[in-house]
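S.K.: predicted structure and sequence below. I'll ask about it afterward.
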Amino acid sequence: MCADRRIQTPEPLEAILSTALDAVVVMDSEGRVADWNEAAAQTFGWSRNQALGAVLSELIIPVQFRANHKQGLGGQEYRELAIRLGARAEKKRQPASSC
């Protein structure tokens, strides 16, 4: 997508992200992909260039769950976490329903 949307990552961190065996996906405050490592490309099937700047939910969230994802991102708890610079915005996962 748009490589200029990629966040500026310090070199030591860039080395870790580029060699990580786990997928690392970074989302900006607009819900767009700001960074995407090679493991993410292998896991989700989108290259880094395709993913950068794309709306994250359109790449990796199944259609039937996108509304819930968007609602979660707009929630008060997430906004409070996202406001703090350098804070990790993590939400506890709720158990999946057994429907």
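M.R.: All right, it came through fine. Nothing here was measured: the structure is a model prediction, and the numbers come from that model. Numbers count the residues shown, from 1 in each chain.
S.K.: residue 16 - how many residues pack around it?
M.R.: Neighbour count of residue 16, defined by other CB atoms under 10 Å: 13. C-beta here means a position set from N, CA and C on the backbone, and glycine is covered the same way.
S.K.: after the helix or strand hosting it, which helix or strand is next?
M.R.: Taking DSSP states H and E as the definition, residue 16 sits inside helix 11-19. Counting by DSSP H and E, the next helix or strand C-terminal to helix 11-19 is strand 25-27.
S.K.: about what we covered before: what is the rounded mean pLDDT of the helix holding residue 16?
M.R.: Confidence for helix 11-19, expressed as mean pLDDT, is 83.
S.K.: same question for stretch 69-79.
M.R.: 68.
S.K.: hang on, residue 53 in a strand?
M.R.: No: using DSSP: H, G, I helix; E, B strand; the rest coil, the assignment for residue 53 is coil, not a strand.
S.K.: hmm, it is touching residue 32, no?
M.R.: Yes: here residue 53 reaches residue 32: they are 5.6 Å apart, a contact under CB atoms under 8 Å.
S.K.: more neighbours, the two?
M.R.: Neighbours were counted for residue 53 and for residue 32 using other CB under 10 Å; residue 32 has more, 20 against 17.
S.K.: list the contacts for the more buried one?
M.R.: 5, 53, 54, 55, 56 (CB atoms under 8 Å, 6 or more residues apart in numbering).
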